[in-house]
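In: coords below, sequence missing:
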Ligand SMILES: [Mg+2]
Ligand SMILES: [Mg+2]
Ligand SMILES: [Mg+2]
Ligand SMILES: [Mg+2]
C-alpha cells in the first residue's frame, strides 16, 4: 500500500505531538506539508519532518496532500474543515470542531450535502482501552440497563493561559463526548453546580459539578477539577439495574513502605491517554488509506459536544438547568 | 463496677438485635425490663433475657431501670424520649429521634432546659472504622480543606413494606448525619434529582441523587439505590484542595477464577456495619456506666437529620432546591 | 446462665490483654483469681479485676475456678495444662502448648487417657475473618484442589528480647498451625532457606523462607520477616487446580495525594488480629459455659505445631530438609 | 533517515507476529527477505510483505539486508546468529539464543572476538512498563536493599506440543532473565521443588517452584504453572530492607455484580505483554537505524539464561540444588 501523504495545519504543541505520532507510531504515513501562523516555527517543524511550508488554505488544495490534520487555534478549525470538505479530502480536526453550535452545524450541513463522511474529530477517549472495556461491560448486559453515571475529571494543574470557560470547552467536553458515545444517547439538559473553591485555584470556578441528563433518562454527575494537585485522574462508574461498571484504578506497581501500600497515579493526560492518541491516529490513518469512512467521532459528534458545552457555559453563569436541542440528525450520521 | 440495668422499649428485629448485643458483646449490662406493642412477643423476649414485661411508659419510671433503649415504631420515639428526659434517665433512641422537625425540636428544647445531655440517637456510622479513618485523614490535613464529597448508598434490596419516603427518612438519613459529622457543618440546602428508574424497582423513586450544600460551601452528591441487587455498598470520596480520601474497597479475600480477580461485597447492612452497631452500644453503655454524657449523636443531630430529611422529601416532590433552617443551637450542644 | 469464673495464670502483657477481653468484650465471664511469678504485678492486676492472688498450682484447684487461662512464660505451660487436665478443668493455653514435642505429646496422652477434650491452644488465626473466608473459598471448590500456597509473615519490628529461634517458635508457628488447619493435613517435611540479611536485623536470621510439604502433596513457601519496617503484613495465596484464593489487601481508607493512591497497612498484630483474639476467647468462654468441648486448636494441634517447629529449628541449623513424624493420632482428635 | 531493511528467518507464529509489528507499529522498517523451512509458507508471507524468499543462510549475506530477525525453530538459532556475527550484521534473535550453554558461549566468544555488540535476544520483559516501574522503585531506594523476591508465572493453558522441559526452557527462562536484569546479578544456584500435580496437567511436572540464589544473596522463589486455567498471570514482589515493591494488579475495568467486585485478568501473553513486544522491536530497530549497539538483552544474557535453564533442568530430574558457573564475562558486556 502507498504511503498516506498528510498536510498538518498548526504546529503548536499538539500539532508537533501528532506529527511525532504519525512518523513514529503509525506506519505508512508521510508528512508532506505544514502550515502555522508562526512561519519560523512552521519552517523548523517542516525541516525536521522533510515537509514543505504552505499557508493553511493552500495546503488543503495541494494535489500531493491526501489528507489534512487540523491542529491550529480552535477558532480557526471550522474554516479549515469546511475547506477540506469542499476539496473532498479526509480531515482529522482536533477538538473543538467549532467554537459555536452554529458554526459546527454549518460543517454538519456541508458534509451531509456532500453525502460522504470526511471528518473525524479528536475526542480520543473512544480509543482508550479502559473506556472501551467499560463500554463492552455495559453493552454486554451484566450490569443491566444503565441508570446513572458518576464521573470525575481531575487535572493536577493547568497552564497560566487556561481560562475559566476552558473548564467546560476544553476539559468537560471530553466527558460530554464520552457520555454520548458510551450510552449512545444525546444529552438533553445540563446544570452546573459550584461548591466553595480552594485557596489555590485563582479565579477558576473550580471544582464544578455538571449534572447531565441523557435522552432516555440516564443521569450523569461529573466533577471537574483542574488544580487537583495530587495527579491526573479520570474516574467513571456506571450504575446499572443489577450492578455497576467502573474504570479501573491505577496500579502498574505497588509499593509497601512507611505504613502504606501505594500505587502511582498518572501525572498528566499524556501519561494517561498517550496510547489512546496513538490508537486514534492509527485508526484514522488506517481508514483513510483503505478508502473507508472514519471510525471515530463525526461532525455530528463535534456539533453535539459544542452545543452541550454552550449550554453548560450558560448554566455556569446562571446556575439554572439549561435544555439542549440539536434538531434533526442528518441521515448520514444515523448508522452510528 | 455495678452492672447497668437497661429497659428496652420495642422488641422487633432491631430491638432484639440490640438486646443480643447488650448481652453478648457489651460487658456489664443487664436487661431488666422490656416493652412491646405485641405482648406475646414481649413475653417471649423477656423470658429469654430474664427480664420482666411492662408498658413502655411505666418501664421508664421503674427504679431499677438505669437507662432506656427505644427501638419501637418510629412515630412513638419522641414521646418515650421526652418521658426519659423528664425522668432524668439516659436514653438511647434508634433513629429517627422524631418523625417531624417540630417534634425533634421539642426534644432538643426539653433536654436543653434540663441542662444535661441524656439522649443518644442511633446513627452508628460515626462508630464505623472506615468512616473514622476517613475523618482522621480529613482532619489530618493531608488532602487540604474539603471542597466536595461523592457518596453512594446502595442496598441489594429492601423488604416489601419499604415505602418511597423511606429512601430518604430511613436510608439517606444515614448519609445526612454522616456528612454533618464528617465536616462539622450543617446542611443548608438540598435538592433531589431523579434519573430513569430500573424495571425492577416497583414504585420506589430510585435511584435518586441528593445534592446537599453544607454551611461553608462543601457540596455533596449522594446516590441512593435500594434495589442495587449486586450487594450492599457504601461509598464515599472527599475531594480536598490537594488530594482525596475515600472509604476503602471491600476485600477480605481475593479469588482469581475464570478470567477474573474477584472480591466479595457485603450482602447487607448487618455484615457491613455490624461492628459499628457493637461499638455504638459499647460506647453508650460505657459512658452511662461512667456517669458521663453520651459520646454519640445528640438530640440536636437527630433534629438536624430530621429537618434535612423533611427538606429532601419536599424536594423529591417538586424537584426544586429546598433551603434548611435550623435556628439557633442551644449552648448545651455547642461543644461538639 | 451463670457467669463463668476464670482463673488466670500469668499477668504479663498477653495475660492482661486477655483479662481485658474477658471483662469487656466477652459477656458472662468473671475473673476470680490470678497468679504470676511477680507477686507485685499479680496483686495490682487482681485489684483491678476484683480477684484474689494465688500461686498458679493452687489456683487450678480452687473450687470457684471453673476454668483456667494459661498465659505464663512458655516453659511453664505444660505443667499447668497437665494440672488442669488432672483437675478436670477446661484450660485455654496460650501458645506454645509446650516447648518440646515430647512435653506436648505427654499432654496429648494425658488428655486422651482422660477421654475428654479440655484444652484449647491459642492459635487465633483460625478465628480471623479473612482466613475463615479463605478457607470457605478453598472448601467451596471454586479454585479446585489445592496445589501450593505462598505465604508471608512480616512484623514491622520485634522487641529487644526477641531471640533468633523465636522466628520459628513464636512467629512461623502461626503459619504452621494455619496451614494444617486450612488444608486439613499434617506437615510431613520442612526446609528453611536463608537469603542475605539486611543491615538492620542484628543477629536475627532474617528473612527466612520455610518450604513446607503437607501430607497429600501441597507445597507451601512461607517468608518470615520480623524487621520489615513498613508495617505488619500477613499474606497468603492458595494455588488451586483452576484458580487461586488469597487473603485480601488492606484498605479501610484510600488516600490520593502527591502522585500516589495509598492505603494504610496495619502497624502490629494487635491491629491486624485484635478481632480474632476477641472471637477466640468469646468462642472458648461460650463452649465452656455451655459444657461443650472447645472449638479451637486442640492439644494435638499444639503437639503438631511444636513438632514442626522443632524440625524447622533443626533445618535452620543445617539447611537440610527435615522430616516430621507425629505418630498415631488418638481417637479423641479424629473428628476434627 | 533511510528505512531499515530487515530479513526475517522463520515465518511461524512468532515470526509473522514480529513482521506485523515491524510493518505496523514500528516506523521506518521494510521487510525485504524472508526464509522458512516451509517454502509454501515463506512464499505466502513474502507475498504479503512485498519481500522475496531466500534460504536462511543466503538471506543473511544479501547486500540489501541491513539486519536480521531470527524466529526459526530454537535449535537453529545459534547457527544463524553466528552467521550474522560473521557477516557483521545486527541480529535480533528470539529466545533461546542457543539450546545448550556451550552453543551460547560460542556465540558470546564470537561476538566478543568481533569486539562489537551485534546481537539482541528476545527477552521482552525488560520492555514491559510494569517491570520497568518495578525496577525504578527498586533502584530508587525506597524499599532499601533487596533481600528476596516472590514470583509466579501462570499460563491459562499451553498447546498440545508443549513438552515438560519447556516449563523451564520456554517459560521459567523469562523469569530467569528478569531476575538477572532486575537485580543486576548472576544466578549462582537453582533448585526445583515439586508439589502434587493437578488432575488436569497431563504429564507436565506442574506446578513447580524454582528457588534461585543470586550472587550477593538475594533469594527468589518462582512458581511456574502452565495450566492455571483462570488466566495468564505474572506476579512479582521484591522484599527490601524497609519495604516491598510489586507488580501491580490487573484492573482496566471493575465490575460489581452478583455479590462480587471483579476485574478482568489477561487471557494470554499476547494481551499481557503485547506492548512490551512492540517496545522491544521499536527499540531494537531504533538502535540499529542509529548505528548504536542494541539496548536489550545481550549474548551474555542469552548465555546466562541458557545456563541457568540447564541447571534447573538438572535439578528438576534430581531434586537437588545445582550450582551455576558462568566463567569470566568478556569485557564487551561489562558496561551493562
Ligand atoms: Mg483532547
Ligand atoms: Mg440505623
Ligand atoms: Mg499468638
Ligand atoms: Mg518470549
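Out: Nice, I can see it. For clarity, every value in this text was computed on a predicted model and none was experimentally measured. Numbers count the residues shown, from 1 in each chain, chains lettered A, B, ... in the order given. Ligands and ions are numbered 1, 2, ... in the order given.

In: pretty sure residue A:21 is touching residue A:278, no?
Out: Yes: between residue A:21 and residue A:278 there is a contact under Cβ atoms under 8 Å: 5.9 Å. For the C-beta atoms, the positions are set from N, CA and C on the backbone; glycine is no exception.

In: Which residue of these two possesses the greater neighbour count?
Out: residue A:21 (20 against 17; other Cβ atoms under 10 Å in any protein chain shown).

In: what's the nearest residue to that one if we skip its chain neighbours?
Out: residue A:281 (5.0 Å; Cβ to Cβ, 6 or more residues apart in numbering or on different chains).

In: mind listing what that neighbour touches?
Out: By Cβ atoms under 8 Å, 6 or more residues apart in numbering or on different chains, residue A:281 lies in contact with A:18, A:21-22, A:25-26, A:92.

In: and the residues you listed as a markdown table, adding pLDDT and distance to residue B:143?
Out: A markdown table is the format used below for the contacts of residue A:281 (pLDDT from 0 to 100; distance: Cβ to Cβ, whole Å):
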| residue | pLDDT | distance to residue B:143 |
| --- | --- | --- |
| A:18 | 97 | 36 |
| A:21 | 94 | 36 |
| A:22 | 94 | 41 |
| A:25 | 87 | 37 |
| A:26 | 89 | 41 |
| A:92 | 98 | 40 |
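
In: Need the max-distance pair from the residues you listed.
Out: A:25 and A:92 (15.1 Å; Cβ to Cβ).

In: Those two: which is more packed in?
Out: residue A:92 (26 against 21).

In: Isn't the more buried one up against residue A:69?
Out: Yes: counting by Cβ under 8 Å, residue A:69 is a contact partner of residue A:92 at 4.9 Å.

In: what about residue A:322, how many residues close to it?
Out: Neighbourhood size, residue A:322 [other Cβ under 10 Å]: 18.

In: And the one 5 residues further on, by the same measure?
Out: Residues near residue A:327, counting by other Cβ under 10 Å, number 10.

In: And for residue A:44?
Out: Neighbour count for residue A:44, taken as other Cβ under 10 Å: 16.

In: How about residue A:3?
Out: Residues near residue A:3, counting by other Cβ under 10 Å: 13.

In: Next, residue A:305: secondary structure please.
Out: Classification of residue A:305 by DSSP: H, G, I helix; E, B strand; the rest coil places it in helix.

In: May I see the contacts of residue A:281 arranged in a markdown table, with secondary structure and distance to residue A:136 as well?
Out: What follows is the contacts of residue A:281, written out as a markdown table (DSSP: H, G, I helix; E, B strand; the rest coil; distance: Cβ to Cβ, whole Å):
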| residue | secondary structure | distance to residue A:136 |
| --- | --- | --- |
| A:18 | helix | 27 |
| A:21 | helix | 25 |
| A:22 | helix | 28 |
| A:25 | coil | 24 |
| A:26 | coil | 25 |
| A:92 | strand | 25 |
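
In: I'd say residue A:18 and residue A:8 touch.
Out: Yes: contact criterion Cβ under 8 Å: residue A:18 and residue A:8 qualify, at 6.9 Å.

In: Tell me which of those two has more neighbours.
Out: Taking other Cβ under 10 Å, residue A:18 and residue A:8 do not tie; residue A:8 has more neighbours (30 against 24).

In: what are the phi and psi values for the more buried one?
Out: phi -110, psi 120 (degrees, to the nearest 10).

In: Between the two ends of stretch A:50-58, how far is it?
Out: Using Cα to Cα, to the nearest Å, one end of stretch A:50-58 lies 18 Å from the other.

In: how about it: buried residues?
Out: By neighbour count on 16 or more other Cβ atoms under 10 Å in any protein chain shown, the buried set for stretch A:50-58 is A:51-54, A:56.

In: Tell me the one of these nearest chain B?
Out: Taking Cβ to the nearest Cβ as the measure, chain B lies nearest residue A:56 of the buried residues of stretch A:50-58, at 41.5 Å.

In: Isn't that closest one up against residue A:71?
Out: No: Residue A:56 lies out of contact with residue A:71 (Cβ under 8 Å); the separation is 10.6 Å.

In: need the contact list for the residue most central in space within chain A.
Out: With distances taken as Cα atoms, centre = their mean, residue A:123 lies nearest the centre of chain A, 2.3 Å away. Counting by Cβ under 8 Å, 6+ apart, residue A:123 touches A:95, A:173-174, A:177-178, A:181, A:296-297, A:301, A:305.

In: ok, now residue A:175?
Out: Counting by Cβ under 8 Å, 6+ apart, residue A:175 touches A:151, A:153, A:210, A:220, A:222, A:224.

In: which phi and psi does the spatially closest residue to it that is not a sequence neighbour have?
Out: Distances taken as Cβ to Cβ, 6+ apart place residue A:222 nearest to residue A:175, at 4.8 Å, with adjacent residues excluded. Backbone torsions of residue A:222, given as degrees, to the nearest 10, read phi -130, psi 110.

In: Up against chain D, what does the stretch 151-300 of chain A have?
Out: The stretch 151-300 of chain A has residues A:242-258, A:263-264, A:275 near chain D, with proximity defined as Cβ under 8 Å from any Cβ of the partner chain.

In: among the residues you listed, which are in helices?
Out: residue A:275 (DSSP state H).

In: sorry, back to before: which one of the contacts of residue A:175 is nearest chain D?
Out: Nearest to chain D among these, with distances taken as Cβ to the nearest Cβ, is residue A:151, at 14.5 Å.

In: Spell out the secondary structure type for that closest one.
Out: Classification of residue A:151 using three-state DSSP returns strand.

In: any idea which of the contacts of residue A:175 is the one closest to chain B?
Out: Closest approach between those and chain B, by Cβ to the nearest Cβ: residue A:220, at 8.6 Å.

In: ok, the closest one - contacts?
Out: Counting by Cβ under 8 Å, 6+ apart, residue A:220 touches A:148-151, A:175, A:179, A:210-212, A:214.

In: Can you give the domain ranges for chain A?
Out: Chain A resolves into domains spanning A:4-125+A:275-297, A:126-269+A:305-323 when parsed by automatic domain parsing.

In: In a markdown table, list the ones you listed along with distance to residue C:87.
Out: Listed next are these as a markdown table, based on distance: least, Cβ to Cβ, whole Å:
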| stretch | distance to residue C:87 |
| --- | --- |
| domain A:4-125+A:275-297 | 72 |
| domain A:126-269+A:305-323 | 46 |
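
In: Could I get the full set of helices for chain A?
Out: Using DSSP H, helices in chain A cover A:13-24, A:39-49, A:56-61, A:77-87, A:101-114, A:129-140, A:166, A:173-183, A:269-289, A:299-318.

In: Distance-wise, check residue A:269 relative to chain C.
Out: Residue A:269 sits 15 Å away from chain C, going by Cβ to the nearest Cβ, to the nearest Å.

In: Might you report the residue contacts of that residue?
Out: Contacts of residue A:269 (Cβ under 8 Å, 6+ apart): A:155, A:232.

In: Kindly state the pLDDT recorded for it?
Out: Confidence at residue A:269, expressed as pLDDT, is 95.

In: Distance check, it against residue A:200.
Out: Using Cβ to Cβ, to the nearest Å, we find residue A:269 at a distance of 20 Å from residue A:200.

In: Could you find the closest non-adjacent residue to whichever residue of the stretch 51-200 of chain A sits closest to chain D?
Out: Proximity of the stretch 51-200 of chain A to chain D (Cβ to the nearest Cβ) peaks at residue A:133, 4.0 Å away. Closest residue to residue A:133 apart from its sequence neighbours, by Cβ to Cβ, 6+ apart: residue D:253 at 4.0 Å.

In: Alright, that wraps it up for me.
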